[in-house]
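J.: with the sequence up front, the predicted model follows.
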There are 2 protein chains.
Amino acid sequence: MNYLNNIELKLIKLLNKLKMKQKLSKKAKLYKTEALKQILSAIASPGMISLAGGVPAPESFPLELIKNLSNEVFDKYKTKSLQYNKTCGTDELRGTLSEWMNKKYQMNVEKENILITTGSTQAFDLIGKIFLDPNDNIIAEDPSYLGALWGFDPYQPNYITVKSKEDGIDINELEDKIKKKKNIKFLYIVSTFQNPTGRVIKLSKRKRLAELASRYDFLIIEDDPYSYLRYKGKPVPPIKTFDNNDKIIYLSTFSKILAPGFRIAFAVASKEIIDLLTDAKESADLHTNVFGQLLVNEYIQGNYIDKQIKKIIELYRPRYLTMLRSLKKYFPKTAHWTEPEGGMFCWIELDKDTDTSKLYKRSIENKVAFVPGVYFYANKDTKNTLRLNFSNVSKDKIEEGIKILGSLLK
Amino acid sequence: MNYLNNIELKLIKLLNKLKMKQKLSKKAKLYKTEALKQILSAIASPGMISLAGGVPAPESFPLELIKNLSNEVFDKYKTKSLQYNKTCGTDELRGTLSEWMNKKYQMNVEKENILITTGSTQAFDLIGKIFLDPNDNIIAEDPSYLGALWGFDPYQPNYITVKSKEDGIDINELEDKIKKKKNIKFLYIVSTFQNPTGRVIKLSKRKRLAELASRYDFLIIEDDPYSYLRYKGKPVPPIKTFDNNDKIIYLSTFSKILAPGFRIAFAVASKEIIDLLTDAKESADLHTNVFGQLLVNEYIQGNYIDKQIKKIIELYRPRYLTMLRSLKKYFPKTAHWTEPEGGMFCWIELDKDTDTSKLYKRSIENKVAFVPGVYFYANKDTKNTLRLNFSNVSKDKIEEGIKILGSLLK
């Protein structure tokens, strides 16, 4: 009797699952792929050398400073730090960020040009909500940051892809494709130390991109989480600084230059665009957590940020150099890789016949994880690339991991 | 020359605005109404007695306790409190919440049944993403919480409305409408001290709702932010406790029983539903802020929560009693209002000819704000109701505000 009941219960459960699947929206299946979930869970297995992450090193977080700032926030803002606040973000942080951007880049933005988002991830979703209907054309570099593709995917855009070159997106290919296709909603691009390639768009191309956006009337989503992490070479100003025509939505975040756990990021754009994104944010999460916003405000106002960025760079630079040295030492001559001037990633191109998803399986057995490049292509059509992270691995482990990977490649 | 340039610049700006409008998605215009924005900004004007808000009293926030817990979080979890974490929420808080729910309601949920959301607002959006295609049928009470309607609106559901009665939703009307319409995705309902009416669904109706969901195969979104704020009468268990068939998604939040600024809320549902919502959350904001999650975890683990709820009730009860007394004293005999046993709101029904949007304009001139009821109806078809808040107004101001409103009604 109990046995029958058990079977019955299992059948009911199964039936419920099937019924539930019938209830799902068409876009429900457009969220993250199962394959990638498996990769992410493999990273966490014990003894794994993970070159797969995109995560800052926890030892870079200024724990004592943050603890002190947190007490300051409660003492200074009292219950304001705990109450509901504006959807666009606190006046304090938006004011501070506009001054900070203006000083840093000789820009001329006001707090009304700024929206605080719950991570840049949220900005992708809000942009999808406000600008994308199914089959709308958007342009992505090949390869692109996969988190942004995930953000746009559920809005079912038609991706037009443009090759990434050593000095940034291929401008001629871009202009050709723009001329052919009408109604392009936007170009999504990481302008400095791109994820996954680590590449920087050179100055002349930045100016050209701003001009093209204006001439052909499309928006540019300029995503800039990494530009502060520069280990050599000279800084290049954001494309946004060349935007005379309100065509650029600039995104940045405190996840890589303070701590990601607070989920504090921001968008800079025309007031009209900020208002539209704010309306969408209101029914997405009402507002970003106020405590985190005020803490970041004190972090910038107290002039801690430049010192902290320096400390992060000092931590990451030896890891970065170790990765470049190890690649040279252990990888086959047929492999090519980017030599980025900053950021958190190196990007490897292997010979055409190598499928890095297959390599990944062998690599995991040998306790080294990376991300196969295929996930970074909007059209999932390139198989011989892979991304390596150096920010959250010790020098020894970087060398050991690259050595193992190199031996698998030979 | 400068003058011409100015005109030219203005024309270019105007042209850009028009071009930008052409770029918007069809759903971009489905976000919040302009009229409601004006109401919300009026609330903030100086000297206004606002009975319009839905906000906890800041003097209820345990500032010193939170400051201490915050130091505890940094000392105990160290850099873990600052790093990226799982999309579904920290293991710590999900574990604690499942134990808390099981103890409180004799339920049997595990941490895999729990998703931490960035406010319940985010849960509405995630549910929309996973379950709603345009023109899908969903059922809402008339009236319903407007924040939930905002959350669902951009997914363009077809609203089927069912009358709210003194003892909760009209079950017979509900069953009639379910029989007529096939393919109902879900019923959205605030089960206890509903926003806006303050009403509680009685026990027998709760059991019936769970049965109906199972028999007719629809989900129930049970939203429960207020049940802890009970000033009289006996608690009623959530509808979720009668859910034998994985048909109910239960939502609750720490916004009303700790502080809303942290944006910590949670959903309880079957593992399948939690997984689907988690996938959608991954590209919505990756995860909710970790610091807030760990702080709430310490708040529950340290047994502070029951004492704090008691304190909030002691603060709100006199305000609640003042509002009921003042309504009796100053409002016309033709007006009807709910006498809730808890929560934050009273709901007023005036005679059929009164349009509370018109009343609102006169009321604002007399420095009293409320929310006209029309915004709480999915089909915006009832004009003679209004919502009054008592949680964030002093007793004196409540009496003064109700007196002014009463004189305008006479």
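T.: Done, it's in.

J.: stretch A:215-234 and chain B, any residue contact?
T.: Yes. Counting by Cβ under 8 Å from any Cβ of the partner chain, chain B has neighbours in stretch A:215-234: A:217, A:219. (C-beta placed from N, C-alpha, C; glycine too.)

J.: hey, which helix or strand in chain A has the poorest pLDDT?
T.: Scoring the helices and strands of chain A by mean pLDDT, DSSP states H and E places helix A:34-43 at the bottom, with a mean of 68.

J.: give the next helix or strand downstream of that one.
T.: Once the chain leaves helix A:34-43, the next helix or strand it forms, by DSSP states H and E, is strand A:49-50.

J.: and that next one, what does it pack onto?
T.: Strand A:49-50 sits against strand A:368-369, helix A:395-409, with contacts defined as 3 or more Cβ pairs under 8 Å, 6 or more residues apart in numbering or on different chains; DSSP states H and E.

J.: orientation of the helix or strand hosting A:Lys129 relative to helix B:119-131 in degrees?
T.: Per DSSP H and E: A:Lys129 is located in helix A:119-131. Relative orientation of helix A:119-131 and helix B:119-131, computed by axes from the mean of the first three to the mean of the last three Cα atoms, to 10 degrees: 60 degrees.

J.: secondary structure class for the residue in the stretch 301-410 of chain A positioned nearest to chain B?
T.: Nearest residue of the stretch 301-410 of chain A to chain B (Cβ to the nearest Cβ) works out as A:Asn392 at 9.5 Å. Under DSSP: H, G, I helix; E, B strand; the rest coil, the three-state class of A:Asn392 is coil.

J.: let me see the contact set for it.
T.: Counting by Cβ atoms under 8 Å, 6 or more residues apart in numbering or on different chains, A:Asn392 touches A:50, A:53, A:55-58.

J.: elements contacting the longest helix seen in chain A?
T.: Counting residues, the longest helix found in chain A (DSSP state H) is helix A:305-330. The contact analysis (3+ Cβ pairs under 8 Å, 6+ apart) places helix A:305-330 against strand A:345-349, helix A:395-409.

J.: now do 10 Å
T.: helix A:290-301, strand A:336-337, strand A:345-349, strand A:385-389, helix A:395-409 (3 or more Cβ pairs under 10 Å, 6 or more residues apart in numbering or on different chains; DSSP states H and E).

J.: make a markdown table out of these and add mean neighbour count and distance to chain B.
T.: Below are those laid out as a markdown table (neighbours: other Cβ atoms under 10 Å in any protein chain shown; distance: least, Cβ to the nearest Cβ, whole Å):
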| stretch | mean neighbour count | distance to chain B |
| --- | --- | --- |
| helix A:290-301 | 24 | 4 |
| strand A:336-337 | 16 | 26 |
| strand A:345-349 | 22 | 16 |
| strand A:385-389 | 25 | 13 |
| helix A:395-409 | 18 | 18 |
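
J.: export those to CSV and tack on mean pLDDT?
T.: Output for the helices and strands packed on helix A:305-330, formatted as CSV (pLDDT from 0 to 100):
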stretch, mean pLDDT
helix A:290-301, 98
strand A:336-337, 96
strand A:345-349, 97
strand A:385-389, 97
helix A:395-409, 97
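
J.: closest one to A:Val368 among the ones you listed?
T.: helix A:395-409 (4.6 Å; Cβ to Cβ).

J.: returning to that earlier point: let me know the pLDDT of the residue of the stretch 301-410 of chain A closest to chain B.
T.: Model confidence at A:Asn392, given as pLDDT, is 95.

J.: how close does it sit to A:Ile43?
T.: Taking Cβ to Cβ, to the nearest Å as the measure, A:Asn392 falls 10 Å from A:Ile43.

J.: any shared contact partners between these two?
T.: Applying Cβ atoms under 10 Å, 6 or more residues apart in numbering or on different chains, one finds that A:Asn392 and A:Ile43 are jointly contacted by A:50-53, A:55.

J.: quick check: the farthest pair among those residues?
T.: Among the shared contacts of A:Asn392 and A:Ile43, A:Leu51 and A:Val55 lie farthest apart (Cβ to Cβ), at 11.5 Å.

J.: so those two - more neighbours on which side?
T.: Legend: neighbour count by other Cβ atoms under 10 Å in any protein chain shown for A:Leu51 and A:Val55, higher for A:Leu51 (26 against 17).

J.: ok, that one touching A:Gly401?
T.: Yes. In this structure, A:Leu51 is within contact of A:Gly401 by Cβ atoms under 10 Å, at 5.3 Å.

J.: common neighbours of those two, please.
T.: A:323, A:363, A:368-370, A:388, A:390, A:393.

J.: quick one on the thing from earlier: need the helices and strands packed on strand A:49-50 in JSON lines (columns: distance to B:Lys179).
T.: Below are the helices and strands packed on strand A:49-50 laid out as JSON lines (distance: least, Cβ to Cβ, whole Å):
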{"stretch": "strand A:368-369", "distance to B:Lys179": "54"}
{"stretch": "helix A:395-409", "distance to B:Lys179": "62"}
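
J.: for B:Pro238, find the nearest of those.
T.: Nearest to B:Pro238, of the helices and strands packed on strand A:49-50 and by Cβ to Cβ, is strand A:368-369 at 42.0 Å.

J.: hmm, the closest one touching chain B?
T.: No. Judged by Cβ under 10 Å from any Cβ of the partner chain, strand A:368-369 makes no contact with chain B; its nearest approach is 16.1 Å.

J.: avg pLDDT for that strand?
T.: 95.

J.: how far away from the center of its chain is it?
T.: The chain centre lies 21 Å from the centre of strand A:368-369; the measure is Cα atoms, centre = their mean, to the nearest Å.

J.: packing partners for it?
T.: Using 3+ Cβ pairs under 10 Å, 6+ apart, strand A:368-369 sits against helix A:34-43, strand A:49-50, helix A:356-365, strand A:385-389, helix A:395-409.

J.: buried residues in stretch A:271-284?
T.: A:273-274, A:276-284 (16 or more other Cβ atoms under 10 Å in any protein chain shown).

J.: cool, stretch A:125-143 as well?
T.: For stretch A:125-143, by 16+ other Cβ under 10 Å, it's A:125-132, A:136-143.

J.: for it, C-alpha coordinates in CSV please.
T.: C-alpha atoms of stretch A:125-143 as CSV (Å, rounded to 0.1, in the frame of the first residue of the first chain):
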residue,chain,number,x,y,z
ASP,A,125,18.2,43.6,-18.8
LEU,A,126,16.8,47.2,-18.6
ILE,A,127,18.2,48.1,-22.0
GLY,A,128,16.6,44.9,-23.4
LYS,A,129,13.3,45.9,-21.9
ILE,A,130,13.3,49.4,-23.2
PHE,A,131,14.9,49.0,-26.6
LEU,A,132,14.4,45.4,-27.9
ASP,A,133,11.5,43.7,-29.6
PRO,A,134,12.0,40.2,-31.1
ASN,A,135,14.1,40.3,-34.2
ASP,A,136,15.4,43.8,-33.7
ASN,A,137,19.0,44.1,-35.0
ILE,A,138,21.8,44.6,-32.6
ILE,A,139,25.5,44.4,-33.2
ALA,A,140,27.9,42.5,-31.0
GLU,A,141,31.7,42.0,-31.4
ASP,A,142,32.8,38.5,-32.1
PRO,A,143,33.6,37.5,-29.4
